[in-house]
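[1] sequence and computational prediction follow.
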Amino acid sequence: MRARALLPLLFLACAPLWAQLDPVTFALELEPAKAAAGSKVIGKLTATVQDGWHLYAATTPQGKPIALDLQLADNPAIASWKGFQPPPKRLFDELFGVESQWYEHEAVMWIEIQLADAASGEIPIEAKLRFGACDAKRCLPPKRKTATATLTIDPAATAAAAALPAGYEPMLLAEPATTSAAPPAAAPAQDSGAPASPADQGLFRFAAVAFGFGLLAIFTPCVFPMIPITMSYFVSTQSGEKKASLVQATTFVVGVIALFTGLGALVSVVLGPFGMQQLGSNVWVNLFIAIVFFLFGASLLGAFEITIPSGAMTKLNSMTYGGGILSTLMMGLVFALASFACTGPFVGALLAGSVSGGSMAWPIFGMFMFSAGLALPFFGLALFPSFLGRMPKAGGWMARVKIAMAFLILAAGFKYLSTVDQLYQWHLLTRERFLAVWIGLLVLDGLYLLSLLRLEDEPVEKVSLGRLTVGGAMLIVAVSLIPGMFGGHLGELEAYIPPVEYSGVQFAGAAKAEKTNWLKDDYPGALAKARAEGKPLLVSFTGYSCTNCKWMKTNMFPRPEIASRLADFVIVELYTDTLDETVADRNQALQQERFRTVAIPFYAILDADENILARFEGQGNEEQFRTFLDRGGAKSVSAELSR
């Protein structure tokens, strides 16, 4: 099966996620276009809304759907301004359970602009907008746009500004007397002790894994045999000068990094941060990734071969002839493409993992680190070709690496298949069944490496120390997973397997992490309970497909220092990836409007008036999370909450 045959499936799976992500456009016109200093002009701001979408009006109640926010950029020529809007539709919004105000198709806002007496010359008028848009099933995160027009100050101009149309109402903005004020910021968040960036620690850990994957990929059957071939190319084209060797090695590495990093950049540009958030929790994408992993695993086991189209490879190979920089660069590209049959599982795993980061930097940074790890040994050998003779020869051990990798790739496929099962809540791949599959694959892998399980055409060979070590480690890990089938806690692995509550059997004394009385997908009910009990509200935005969310719940919350503090809160979990679209959209919109982020896990502590006391983004350590809880703890705000 050719790898390119999978591409249409990928685009079909992802197409609904990035379609119609720009449903609202704005244009600004000035009447009159020429005006005298000190006079008044009207700015007509036209919002064009795609069919099926609606734009929420500026008078939409705060804390509900994302209201339109209009500000004019700082300009000394503008003395003051006021915004007006046409009457919006007032309908009951099923997504939010309240009466909302919105526009469909087109809306023309009016901006009365009073010019300063000292205004002169050409004046750029810039309207800065923040808005929310929804269709019948989903809402986009807050978007920001600008619309500009140019006004000419002409002392001889006599045209008067147009009169405000009947029925228009103030936009009720907190506009300043002058335009020096900035747009209203998000609700203030106190220093929570969380990492400075939502994914600082996760990103660095992800980069380390990506670099390790690149180094590991060197020992695959598609890459390792290419080392002497690549080195012979360098030797045949080098002039013998050290500087020339450095330039050529660097150029080769640039070619390898360019291909893989370009792939990561493509994923980021096509999806964007919100699309990546949806991609990671999309049922069909998770199913597609699982199928790809199963296909790669079957290919590594010898069921079929995945190759780059021969015509494309022949054409690229013809461009590598010669010894110039372009030829060496093309050699790097050809090497990267030719290695994809074996590096594909690593690349697929990294790209799949990157979408859960919620940041456009993850795929790019991940692919850069992977390709750097893959190309680094070639860079070193190009500078010091004498080390080539000390490397082991390609042979039967390469085939064994290939088979051993296949079992691990199949195990990764079941991880994504488990996400599909949890999103649908089928309970087919329960915790016990999932762990049974993983244990079985690890046992097979270990027995194979120890030569206790062999393929039909494999000779009987002495087990090396390396095989004995890795094979034994596989069996040890398999045995260590067995307690998890009976309710035992598996530490760091809990982030990658179904939770204890997803078991088909209940075990006495199991799941201490579930002692915490979580409310689920009921923000109004949780807020009412917090007010009644005089406690702060801890809101957890989470997801069934979110690995870091599972880690926090199973590894952070049960810790004594954390669990003792959680007893002082009313806690609610809001799932942003549930297949109940009404619930998911409501939770996403609440997170986007109140906290202006789509990243999960995300935690916030609110008081009885829904003021944000503290916030915590991403996965952190115990000290950081304890500090976050203390900042919004019940003991410090209970008096305020009970008033």
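    Structure received. Residues are numbered from 1 along each chain as shown.
[2] tell me the mean pLDDT for stretch 620-630?
    Stretch 620-630 shows a mean pLDDT of 87 in the predicted model.
[3] buried residues, that stretch. List them.
    Of all the residues in stretch 620-630, those buried under the rule 16 or more other Cβ atoms under 10 Å are Gly620, Gln624, Phe625, Arg626, Thr627, Phe628, Leu629. C-beta coordinates here come from the backbone N, C-alpha and C atoms, glycine included.
[4] got JSON lines for the residues you listed, with secondary structure and distance to Val437 too?
    Listed next are the buried residues of stretch 620-630 as JSON lines, based on DSSP: H, G, I helix; E, B strand; the rest coil; distance: Cβ to Cβ, whole Å:
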{"residue": "Gly620", "secondary structure": "coil", "distance to Val437": "32"}
{"residue": "Gln624", "secondary structure": "helix", "distance to Val437": "35"}
{"residue": "Phe625", "secondary structure": "helix", "distance to Val437": "32"}
{"residue": "Arg626", "secondary structure": "helix", "distance to Val437": "37"}
{"residue": "Thr627", "secondary structure": "helix", "distance to Val437": "40"}
{"residue": "Phe628", "secondary structure": "helix", "distance to Val437": "37"}
{"residue": "Leu629", "secondary structure": "helix", "distance to Val437": "37"}
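[5] what's downstream of the helix-or-strand element of the chain with minimal mean pLDDT, the next helix or strand?
    Sorting the helices and strands of the chain by mean pLDDT, DSSP states H and E puts helix 7-18 at the bottom, at a mean of 40. Sequence-wise, the next helix or strand downstream of helix 7-18 (DSSP states H and E) is strand 24-31.
[6] that next one - contacts with which helices or strands?
    Applying 3 or more Cβ pairs under 8 Å, 6 or more residues apart in numbering; DSSP states H and E, we find strand 24-31 packed against strand 40-49, strand 122-131, strand 143-153.
[7] what angle separates the longest one from strand 24-31?
    Yep, that's strand 143-153 we're talking about. On the basis of axes from the mean of the first three to the mean of the last three Cα atoms, to 10 degrees, strand 143-153 is oriented at 10 degrees to strand 24-31.
[8] strands paired with strand 143-153, and their directions?
    Using DSSP bridges, strand 143-153 pairs in its sheet with strand 34-35 (parallel), strand 122-131 (antiparallel).
[9] out of those strands, which one sits most buried?
    strand 34-35 (a mean of 20; mean count of other Cβ atoms under 10 Å).
[10] what mean pLDDT does it get?
    The average pLDDT within strand 34-35 is 86.
[11] same check, this time on stretch 299-310
    Mean per-residue pLDDT for stretch 299-310: 68.
[12] with stretch 441-448 instead?
    Mean predicted lDDT for stretch 441-448 stands at 93.
[13] any chance of the strands paired with strand 143-153 in TSV, plus distance to Glu106?
    Below are the strands paired with strand 143-153 laid out as TSV (distance: least, Cβ to Cβ, whole Å):
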stretch	distance to Glu106
strand 34-35	26
strand 122-131	14
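[14] among those strands, single out whichever gets nearest to Met405.
    Shortest distance between Met405 and these, using Cβ to Cβ, is found for strand 122-131: 48.0 Å.
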